[in-house]
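>>> how does the following fold in three dimensions:
(one chain, ligands or ions: 1)
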Amino acid sequence: MKIGTGIYLEKLNQNPDFYQEAYTCLELQDFVMPNNLDENRDSLIDQYTTVLKNYKGLLTIHGPYIDLHPTSFDPLVRDVCVQRYRQALGAAKALNAKFMVVHSNYENITHYAGYETYFLQESISFWKNLIKEFEASKVTAVIENIHNKNAHLIRSIIDAVDSPYLAACLDTGHAHALGKSQLITWVESYGQHLQYIHLHDNNGEQDQHLPLGEGTIDFQVFFAKLKEIQYDSVMICEIFGEIESQQKNLKQLEILMKQQ
Ligand SMILES: [Zn+2]
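Below you'll find the predicted structure:
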């Protein structure tokens, strides 16, 4: 299993040795921001290439999502999303990153009849068109749950697109606070399509990105389930805070994994 952290260049540069030694995977999150896909992109790639020149771990990136709507009614709006994903994919390729996290565009406030069917069809059509570019670049897109209530729609998109380069990212904090649902059910629903995990804790009400054990998620049950399915892919700690919180979180993670 690859244990990683979400990071951005400024933070990495503050303590490059710590991050490279503590983690076997780094998820570069700068490419979320539009200006980092436009004027800053090449400079970021150069700087990461320099600072990580001796890093032996796996690199992944978090893709853009701000104002992006892959399932919009408006083809021009969908096209902006394609263009931004393409720019991020270019960055992933240049950095030899193997995964790109993308957000599910599912809105849980939209309750008109037929919304879920519409969302599913539009997501499938969007990914059937774009996935070829991910396949050509050998980068796996992983769809992350945000407001999703369960794994059903994301799983159905992955099944329908049917590419080894489209999989699921389970965000534990989002499932707990925003989806209000049991983590082990998500793991069971995704099965082998689960290739990526965002790991953080919260109180079940807010998306707090706390270190493990500081919120109300039952991680013992979660890790037991991961062991049962022999999960062996990427696990990214997505907690806020500096080195101290990172170390505390890693210690907690180690205890949880040993208990299994
Ligand atoms: Zn996340």
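>>> which elements pack onto the host helix or strand of residue 131?
Here residue 131 sits within helix 115-137, counting by DSSP states H and E. Here helix 115-137 touches helix 75-95, strand 140-144, helix 152-161, strand 166-171, going by 3 or more Cβ pairs under 8 Å, 6 or more residues apart in numbering; DSSP states H and E. In this view, the C-beta of every residue, glycine as well, is placed from N, C-alpha and C.
>>> so who does residue 175 touch?
Residue 175 is in contact with 145, 148, 181, 183, 186, counting by Cβ atoms under 8 Å, 6 or more residues apart in numbering.
>>> go again with 7 Å.
Neighbour list for residue 175: 145, 181, 183, 186 [criterion: Cβ atoms under 7 Å, 6 or more residues apart in numbering].
>>> quick one, grab the pLDDT at the third one.
In other words, residue 183. Here the pLDDT value assigned to residue 183 is 96.
>>> quick check: closest non-adjacent residue to it.
Nearest residue to residue 183 in three dimensions, chain neighbours excluded: residue 222, at 4.7 Å (Cβ to Cβ, 6 or more residues apart in numbering).
>>> secondary structure element for residue 173?
Element membership for residue 173, per DSSP H and E: helix 172-177.
>>> nope, residue 195 is what I was after
strand 194-199.
>>> quick one: is that strand near the ion?
Yes. Judged by Cβ under 5 Å from the ion, strand 194-199 comes into contact with the ion through residue 198.
>>> that strand: which residues count as buried?
Using 16 or more other Cβ atoms under 10 Å as the test for burial, strand 194-199 gives 194, 195, 196, 197, 198, 199.
>>> cool, and stretch 249-260?
Quick answer for stretch 249-260 (16+ other Cβ under 10 Å): 249, 250, 252, 253, 256.
>>> what's the helix or strand for the first one?
Element membership for residue 249 (DSSP H and E) is helix 243-258.
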